[in-house]
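Asks: 3D model of this:
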Amino acid sequence: MFEEVKRGFSFWSWIFQLVLAYCGAVAILAIQYRWLNVQDRVLSQVLSFMFVAVTEFGMALLTSAVASDSAPEGSLIWIVPAGFEIVGIVLKIVSPYGWVAVLFALPTWGYCWYSATMWWRLSKRRRAAFLRPS
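Replies: Residues are numbered from 1 along each chain as shown. A predicted model of the protein is given here:
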């Protein structure tokens, strides 16, 4: 009787998740370096990357639980920051403005984990819908 209308790609959902994931990674860095007074050592940097990965994974799970139809947009948020990271690396090679790449390294890592988690949730949902009897 009723036909389900499939929702198209939402640019605003994509922008919102892009900002959410970036603010999450930057907030983690601010807390770690400002309030926890962490020294800049190799171990602290490795732990920062691991903590950002776990936090972005949790943030993506929470976002997909609250807005279950947001996974297609969330799985594509890695594109812009990865592009900035590539531009930063090229700038580091050809000019003295290479410090720009450092500003995007940890947030880009967070974006990739957020996107991977959303892709996993999306594929899991599609698989469940495929296996569900009609």
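Asks: Tell me the spacing between the most centrally placed residue in the chain and Ala129.
Replies: In the chain, the residue lying closest to the centroid (CA atoms, centre = their mean) is Tyr111, at 2.3 Å. Distance, Tyr111 to Ala129, by CB to CB, to the nearest Å: 27 Å. For the C-beta atoms, the positions are set from N, CA and C on the backbone; glycine is no exception.
Asks: Pull out the buried positions in whichever helix in the chain runs longest.
Replies: In terms of residue count, the longest helix belonging to the chain (DSSP state H) is helix 99-131. For helix 99-131, a neighbour-count test (16 or more other CB atoms under 10 Å) marks 101, 104, 106-122 as buried.
Asks: which secondary structure elements does that helix contact?
Replies: Applying 3 or more CB pairs under 8 Å, 6 or more residues apart in numbering; DSSP states H and E, one finds that helix 99-131 makes contact with helix 11-30, helix 42-66, helix 71-74, helix 79-94.
Asks: Need the mean per-residue confidence for the longest one.
Replies: So the one you mean is helix 42-66. For helix 42-66, mean pLDDT is 83.
Asks: can you state the direction angle for it and helix 99-131?
Replies: If you take axes from the mean of the first three to the mean of the last three CA atoms, to 10 degrees, helix 42-66 sits at 40 degrees to helix 99-131.
Asks: Now do the buried residues in helix 42-66.
Replies: Buried-residue list, helix 42-66, by 16+ other CB under 10 Å: Ser48, Phe51, Val52, Ala53, Thr55, Glu56, Phe57, Met59, Ala60, Thr63, Ser64.
Asks: Just put the helices and strands packed on helix 99-131 in JSON lines and tack on distance to Leu36.
Replies: Shown next, in JSON lines, are the helices and strands packed on helix 99-131 (distance: least, CB to CB, whole Å):
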{"stretch": "helix 11-30", "distance to Leu36": "10"}
{"stretch": "helix 42-66", "distance to Leu36": "9"}
{"stretch": "helix 71-74", "distance to Leu36": "29"}
{"stretch": "helix 79-94", "distance to Leu36": "25"}
